[in-house]
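Trainee: sequence unknown, structure follows:
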């Protein structure tokens, strides 16, 4: 993975979309948080709290309307340019007209890497997500879980400094989700990559993350961040750890109130 | 053959299709022969086949066919390139779209045959005229379907491509156009059909060579067998084009059907 040790610091970052008709929309109110290099940071919060907005701001696809987003090199303590990032999407977003191999090699192809090289790297990435043998299949021929493994391979093959996971397993059934969480936990542990995970699932956040940022209902603020000090490697067995239960309860208590508020806010908007 | 085999035969679409053609021709041949109808009005299929063979062997029908094919496909090729490029431009720039919307709305529903007199005044009746009329026929369906296809592209795919480092130009070439191909191909089908109609119609009005010209001439001199012979060539052309498109459609559709 990328050897960069760049942290992402959010200082009072907010994003308000100007009004097209009626009120302007506050997508993110004031987030202050840090994403440390080499760590997995999970962002958890109720629907509409601006989790995905926050991720898009990190990626640079959305620009904050207030506050500062700063990239800091932890080696020299100087500001750094935006590190390389790749995203794994909830909706997979695989190119349906390309095979698994071509999908995974797509980003390398854009860089102008010659075909033999990029295919060799893509095959390796496909192998790392246990999809060897499916290189020439099209996305429609795969199950949801397999498609998302292609999505993970497509992001990892770019060797990003930061891996962005936007509710990566949100569209999958509960069992597939469990298996993929374990697989992703292993991949992230082995590579030591920096990752930011947006999720609805407390379990997923605890299994994968070093730090969990809990966000409030809309307009989204950071309520607190929680360090996950459970031993690695983590797997489904980690859920039997007494520390797991304590963490789960603590996060649930925080989220429960926010989710209730979100429900009230949403029904008020109808 | 027992009745079950017979029914199996009737379940085969190819047998039904070709069988109906053979049946109609046979009934036609026998009826014309029995009633003794004047071949000036309705020649028998066998007479038409004789005329067709004669026209191919010595009457220069090959030249007419090639000329018509050239006019159709040259104009169509121009329409394909211009239509797709313009269509992508329209769907990626709101300014271009604002301008083009007016012109497309005005020109698309206009029956293109009504442009023949004006085009003859401007271009004469030679090659440029034929190419223009053929291009005009095909370009609107291709352009409109390209715009539709690009607009229907999943925004998530564009985002994913940007995330993987695609430049705007790469997004057009590697995401927008590929995802619009099924729709573009639907436009190609419609456009090619209109091109064929327009080229043959233009040939009938002003052509000296070409299937339309030959058809019109044969009608003028009451060579009814030759009229039918040209019609058969046109029908065969239609079948060939349709089947070729079906074939390409299946090839292109692999990832959609899978």
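Mentor: Good, I have the coordinates. Bear in mind that the values here come from a model prediction, so they are computed numbers and not experimental data. Numbers count the residues shown, from 1 in each chain, chains lettered A, B, ... in the order given.

Trainee: Could you identify the longest helix within the chain?
Mentor: You didn't pick a chain, so chain A it is. When every helix of chain A is counted residue by residue (DSSP state H), the longest turns out to be helix A:242-269.

Trainee: should've been chain B
Mentor: Under DSSP H, chain B gives helix B:61-92 as its longest helix.

Trainee: pLDDT of that one, averaged?
Mentor: Helix B:61-92 carries an average pLDDT of 92.

Trainee: count of neighbours near whichever residue of chain A sits closest to chain B?
Mentor: Using Cβ to the nearest Cβ, residue A:107 is the residue of chain A that sits closest to chain B, at 3.4 Å. The C-beta positions use only the backbone N, C-alpha and C, and glycine is treated the same way. Other residues near residue A:107 come to 23 when the count uses other Cβ atoms under 10 Å in any protein chain shown.

Trainee: List the residues that contact it.
Mentor: A:86, A:154, A:157-158, B:164-165 (Cβ atoms under 8 Å, 6 or more residues apart in numbering or on different chains).

Trainee: What subset of the residues you listed is buried?
Mentor: A:86, A:154, A:157-158, B:164 (16 or more other Cβ atoms under 10 Å in any protein chain shown).

Trainee: Nearest residue to residue A:137 in space, please, no chain neighbours.
Mentor: residue A:100 (5.4 Å; Cβ to Cβ, 6 or more residues apart in numbering or on different chains).

Trainee: Report the contact partners of the closest residue to chain A within the stretch 101-250 of chain B.
Mentor: Nearest residue of the stretch 101-250 of chain B to chain A, counting by Cβ to the nearest Cβ: residue B:164, 3.4 Å away. Each residue near residue B:164 by Cβ under 8 Å, 6+ apart is listed here: A:86, A:106-107, A:110, A:154, A:158.

Trainee: now swap in residue A:139 and tell me
Mentor: A:92, A:94-96, A:98, A:100, A:103, A:147, A:150, B:255.

Trainee: What sits closest to it if chain neighbours are left out?
Mentor: residue A:94 (4.2 Å).

Trainee: shouldn't that neighbour be in contact with residue A:154?
Mentor: Yes - using Cβ atoms under 8 Å, residue A:94 makes contact with residue A:154 at a distance of 7.5 Å.

Trainee: Doesn't residue A:225 lie inside a strand?
Mentor: Yes - assignment of residue A:225 by DSSP: H, G, I helix; E, B strand; the rest coil places it within a strand.

Trainee: hang on, it packs against residue A:210?
Mentor: No - the pair residue A:225 / residue A:210 is not scored as a contact, 10.4 Å apart, by Cβ under 8 Å.

Trainee: Residue A:110: neighbour count?
Mentor: 18.

Trainee: Is it in contact with residue B:166, as I believe?
Mentor: Yes - with contact defined as Cβ under 8 Å, residue A:110 counts as touching residue B:166 (5.3 Å).

Trainee: between those two, what contacts are shared?
Mentor: Common neighbours of residue A:110 and residue B:166 (Cβ under 8 Å, 6+ apart) are residue B:174.

Trainee: Could you turn the buried ones of the contacts of residue A:139 into a ChimeraX selection?
Mentor: Listed next is the ChimeraX selection for buried residues among the contacts of residue A:139, using 16+ other Cβ under 10 Å:
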select /A:92,94,95,98,100,103,147,150 /B:255
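
Trainee: can you redo the contacts of residue A:139 as a markdown table with secondary structure, distance to residue A:32 and pLDDT?
Mentor: Putting the contacts of residue A:139 into a markdown table (DSSP: H, G, I helix; E, B strand; the rest coil; distance: Cβ to Cβ, whole Å; pLDDT from 0 to 100) gives the following:
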| residue | secondary structure | distance to residue A:32 | pLDDT |
| --- | --- | --- | --- |
| A:92 | coil | 32 | 93 |
| A:94 | coil | 35 | 96 |
| A:95 | coil | 37 | 95 |
| A:96 | coil | 40 | 92 |
| A:98 | coil | 40 | 93 |
| A:100 | helix | 40 | 96 |
| A:103 | helix | 37 | 96 |
| A:147 | helix | 36 | 94 |
| A:150 | helix | 35 | 96 |
| B:255 | helix | 45 | 54 |
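
Trainee: Contact residues of the stretch 51-200 of chain B facing chain A?
Mentor: Taking Cβ under 8 Å from any Cβ of the partner chain as the contact definition, the stretch 51-200 of chain B meets chain A at B:154, B:156-157, B:159-167, B:170, B:174-175, B:178-179, B:181.

Trainee: now with 7 Å?
Mentor: B:156-157, B:159-160, B:163-166, B:170, B:178 (Cβ under 7 Å from any Cβ of the partner chain).
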